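J.: predicted model, plus sequence, below.
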Amino acid sequence: MLRFNSLPQILVVTLLGVGLPVLQAATLPSTGLMGVVKSSDGNPMEGVAISARAHDKRFTTSVYTDGAGQYYFPPLADGQYRIWAQAVSFEAARSELTIASGKKIQKNFTMKALQNFEKQLSSAEWLDSLPDDTPQDARMKRIFSYTCSACHIPGFVLAKRFDAASWGMIIDYMIEHETSPDSANRGLIQFYKKELVEYLTRIRGPEPYSWKFKQRPRASGEATQIVVTEYDLPKGDQPDFILRHNGSDWFEGIPSKDAEGEAVHDAVVAKDGTVWFSDFRTPERTIGKLDPKTGLVTSYKLADKDGFAVRTHGIVADQKGNIWSTNGSEGALLKFDPKTEKFQRFPKQPSLPPGVGGMVMVDSKGNLWVPHRNGAFRLNPETGEYTEYKNPTPGGNPYGIAIDAEDNAWTARFWADRLNVVNGRTGEVSEVNLPPLDVEEIREKDREIGQRLEAPYAAWLGVSPLYRKGPRRLGADRRGDTVWVAEYYADKLAKINIHTKQITEYPVVPPHGRVYDVRVDKNHMVWLALMNADRLVKFNPFTEQFAEYPLPTRGTDIRFLDVDNRTDPPTIWLPYTQVYKIARVQFRTSSPGQTAVNGR
């Protein structure tokens, strides 16, 4: 049961005990940081992000205004703080304050409207705003979305203007540096290059173009009753490093994806509340540990044969508290014991295919499961033996993996629109096919080029033909009979019954968010990590409704989430891949006078 404690002047409407509360204006607490936000015409503004950061801390706390324009923070440590308020299409309002325990600090803001606000938009809003009024524009919108936002958030480049020659250079750079010569990725981008250059030059070139920007509504009701704590992560070799252009100032736009960004991919919370994260880019760190109470990050390095830190991608905590990660450098699994602070390698038998995929999960018996190009491996940690489970049909690049309530292993085959199911008792492998994608803007030549370039032996394929749904990662309800699949390209959430294999699909809100990962909490709520949206999304399977929770950073590039079921309601953890942050999302559970949130 999802439980909401009493709140003054709040009307709670529920269905089956897990409905969404409708929140009206609340009475502000007697102490702490609080205030009211209004627009320049004097009207209260709901859903405005208010952020506070102490000068001597490495984390930022953010809350949102309610229907009366009111906001209040949970208790903050004493000190000097920067405070700022942000809303799309408004100038940011800023202040400096001193926080002292037991005192009431009232800070009101007046927001001034902006004429040119497109830099403040998320990548999902940029994609949604791409013109699609004609059949050709609708087709080009799909082509751009599939070829230019497969592994990168597109808002950064769409906020810029270039002439045809410059757009051509950007696409050539993608072809040269983001694809391998023998991959279908390169062939697809080369096939569409001429059309992409013409399209991008028309809508984001030197000549004026009339845009109809489709910004998402600001948060309202229940979505404003969250507290978001964002922790800045240092580099493994630079403990004082903080990424300066990190999405905190929306007017700066979406940060670039360069050598300083994109390191943390997955992050999990352990039984003691510490957060562990993988690192697949920065020097001198294999995995990291975050202490949520202090924001302190500890880096741990396992050296490869050349002395460099082994890179990791997927990460999971097992029942004994060990931290497991996928070893991208050496193609196997790593175990880290937090008590001894020692790594242990688990190399595969020489007879098995090389490499492991980018995600790892643990079943009820403590076995580790990881995808690979030909299917999946299961590791028995007691014996160190891997067992291979091959794809029933060739190809598809398995990427995500999940373990259901009956210990069956589900693997998402990103490029085949199929899922493998390994029976946890018998080891038998079967397939589940997703329904085909049927949209008008796909032409016959688009299908022909995609089918010609697809091949079972192709290298990693981040770019997809226009007819693929792209099941990327998936999550299982360990207390139910469903598996939920993130259909990345189709922007859909698929529900699969683990017994009947019946499939139900739901268009994800917000559109063009690029759902990347899915998790299910103890109340059967389904949580979605969206790469482009800068929002956390919840799907209620009882009401079949989506709820959006805004995040106070632009360019989050979220590819993983973890649910901490120790709190009530559960706490959500989100690694921001592009901007060196990990976020904690908590939900208010008591009266404003107590200013409590779950987990505190």
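T.: Here it is on my side, so go on. Numbering: from 1, shown residues only.

J.: can you pull the pLDDT of Val597?
T.: We note a pLDDT of 70 for Val597 in this prediction.

J.: which residues sit in contact with it?
T.: Applying CB atoms under 8 Å, 6 or more residues apart in numbering, we find Val597 in contact with 74, 227, 586-589. In short, each C-beta sits where N, CA and C put it, glycine included.

J.: with secondary structure added, can I get those in CSV?
T.: Shown next, in CSV, are the contacts of Val597 (DSSP: H, G, I helix; E, B strand; the rest coil):
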residue, secondary structure
Pro74, coil
Val227, strand
Gln586, strand
Phe587, strand
Arg588, strand
Thr589, coil
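
J.: just put those residues in CSV and tack on pLDDT.
T.: Converted to CSV, those look like this (pLDDT from 0 to 100):
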residue, pLDDT
Pro74, 96
Val227, 98
Gln586, 98
Phe587, 97
Arg588, 95
Thr589, 84
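
J.: let's see if you can find the most crowded of those.
T.: The residue in those with the most neighbours, by other CB atoms under 10 Å, is Arg588 (26 neighbours).

J.: correct me, but it touches Ala223?
T.: No: in this structure, Arg588 is not within contact of Ala223 by CB atoms under 8 Å, at 11.5 Å.

J.: separation between Leu528 and Ser129?
T.: Per CB to CB, to the nearest Å, Leu528 is found 21 Å from Ser129.

J.: between the two, point out the one with more neighbours.
T.: Taking neighbours as other CB under 10 Å, Leu528 and Ser129 compare with Leu528 leading, 26 against 19.

J.: flag the shaky bits of the stretch 51-200 of the chain, pLDDT-wise.
T.: Low-confidence regions of the stretch 51-200 of the chain, defined here as pLDDT under 70, cover residues 180-184.

J.: now do the helices in it.
T.: For the stretch 51-200 of the chain, applying DSSP state H, counting those that start in this stretch gives helices covering 123-129, 135-148, 155-158, 164-178, 184-204.

J.: as a markdown table, those with distance to Gln545 would be great.
T.: As requested, the helices of the stretch 51-200 of the chain are exported to a markdown table (distance: least, CB to CB, whole Å):
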| stretch | distance to Gln545 |
| --- | --- |
| helix 123-129 | 19 |
| helix 135-148 | 25 |
| helix 155-158 | 27 |
| helix 164-178 | 37 |
| helix 184-204 | 33 |
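
J.: hey, which of those helices is tucked in deepest?
T.: helix 123-129 (a mean of 24; mean count of other CB atoms under 10 Å).

J.: tell me the helices and strands packed up against it.
T.: Secondary-structure packing of helix 123-129 (3 or more CB pairs under 8 Å, 6 or more residues apart in numbering; DSSP states H and E): helix 155-158.

J.: give me the contacts around the helix it packs on.
T.: 121-123, 125-126, 130, 148, 170, 204, 253-257, 532, 554-555.

J.: any low-confidence regions in the stretch 401-550 of the chain?
T.: 455-462.

J.: hey, where'd the strands end up in the stretch 151-300 of the chain?
T.: Using DSSP state E, counting those that start in this stretch, the strands of the stretch 151-300 of the chain run over 226-232, 267-269, 275-278, 287-290, 297-300.

J.: out of the helices of the stretch 51-200 of the chain, which comes closest to Pro507?
T.: Within those, the stretch nearest Pro507 is helix 123-129; the backing value is 12.7 Å (CB to CB).

J.: tell me the one of the contacts of Val597 nearest Ala138?
T.: Among the contacts of Val597, Phe587 lies closest to Ala138 (CB to CB), at 38.2 Å.

J.: the closest one: what's it in contact with?
T.: 225-227, 569, 571, 597-598.

J.: and if you look at Ala405?
T.: 476-481, 498.

J.: out of these, who has the most neighbours?
T.: If you count neighbours using other CB under 10 Å, the busiest of the contacts of Ala405 is Ala476, which has 26 neighbours.

J.: what's across from that residue in the sheet?
T.: With DSSP bridges as the criterion, Ala476 is bridged to Val483.

J.: and for Ile572, nearest residue in space, chain neighbours not counted?
T.: Distances taken as CB to CB, 6 or more residues apart in numbering put Val585 closest to Ile572, at 4.3 Å, once the chain neighbours are dropped.

J.: how is that neighbour assigned, secondary-structure-wise?
T.: When classified by three-state DSSP, Val585 comes out as strand.

J.: beta partners of it?
T.: Beta-bridge partners for Val585, by DSSP bridges, are Val228, Ile572.

J.: wait, isn't it in contact with Gln225?
T.: No: the pair Val585 and Gln225 does not pass the contact test of CB under 8 Å, sitting 11.1 Å apart.

J.: ok, Pro338 - how many residues close by?
T.: Pro338 has 16 neighbours, counted by other CB under 10 Å.

J.: now do the contacts for it.
T.: Taking CB under 8 Å, 6+ apart as the criterion, Pro338 is in contact with 270, 274, 289, 321-323.

J.: per-residue pLDDT of it, please?
T.: With respect to pLDDT, Pro338 scores 98.

J.: and what of the one 3 residues further on?
T.: Note on Glu341: pLDDT of 98.

J.: just the one 4 residues further on next, same as before
T.: Confidence per residue is given as pLDDT, and for Arg345 that number is 97.

J.: okay, now the sheet partners of the strand or helix carrying it, with direction.
T.: Assessed by DSSP states H and E, Arg345 sits inside strand 342-346. According to DSSP bridges, strand 342-346 forms sheet pairs with strand 332-337 (antiparallel).

J.: what residues sit buried inside the strand it pairs with?
T.: For strand 332-337, burial by neighbour count (16 or more other CB atoms under 10 Å) applies to 332-336.

J.: ramachandran angles for Leu487?
T.: Slight slip there: residue 487 is Glu, not Leu. Per-residue torsions, Glu487: phi -90, psi 90 (degrees, to the nearest 10).

J.: contacting residues for His152?
T.: By CB under 8 Å, 6+ apart, His152 lies in contact with Lys257.

J.: how much space between it and Val297?
T.: As judged by CB to CB, His152 and Val297 stand 25 Å apart.

J.: ok, Pro154 next?
T.: 30 Å.

J.: and if you look at Ala49?
T.: With the distance defined as CB to CB, Ala49 ends up 24 Å from Val297.

J.: what of Leu561?
T.: To Val297, Leu561 is 19 Å away according to CB to CB.

J.: ok, those two, which is more surrounded?
T.: Leu561 (26 against 21).

J.: give me the domain ranges for the protein.
T.: The record assigns the chain these domain ranges, following automatic domain parsing: 32-111, 132-211+435-468, 264-390.

J.: I'd like the ones you listed as TSV, with distance to Gln502 appended.
T.: Formatted as TSV, the domains of the chain follow (distance: least, CB to CB, whole Å):
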stretch	distance to Gln502
domain 32-111	37
domain 132-211+435-468	11
domain 264-390	23
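
J.: tell me which of those domains lies nearest to Asn423.
T.: Here domain 264-390 is closest among these (CB to CB), at 9.5 Å.

J.: what distance separates the start and the end of that closest one?
T.: Using CA to CA, to the nearest Å, the end-to-end distance of domain 264-390 comes out at 29 Å.

J.: with stretch 513-528 instead?
T.: Note: stretch 513-528 ends 10 Å apart using CA to CA.

J.: which parts of that stretch are buried?
T.: 513-528.

J.: still on that earlier bit, min pLDDT across the buried residues of strand 332-337, which one?
T.: Ala332 (92).

J.: tell me who's in contact with that one.
T.: Ala332 touches 345-348, 356, counting by CB under 8 Å, 6+ apart.

J.: can I get the buried part of those as one PyMOL selection?
T.: Burial among these is assessed by 16+ other CB under 10 Å; the matching PyMOL selection reads:
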select buried, resi 346+348+356
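
J.: how about TSV for the contacts of Ala332, with distance to Asn327 added?
T.: Shown next, in TSV, are those (distance: CB to CB, whole Å):
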residue	distance to Asn327
Arg345	7
Phe346	9
Pro347	9
Lys348	10
Val356	7
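
J.: which one of the contacts of Ala332 is nearest Met45?
T.: If you rank the contacts of Ala332 by distance to Met45 using CB to CB, Val356 comes first, at 48.5 Å.
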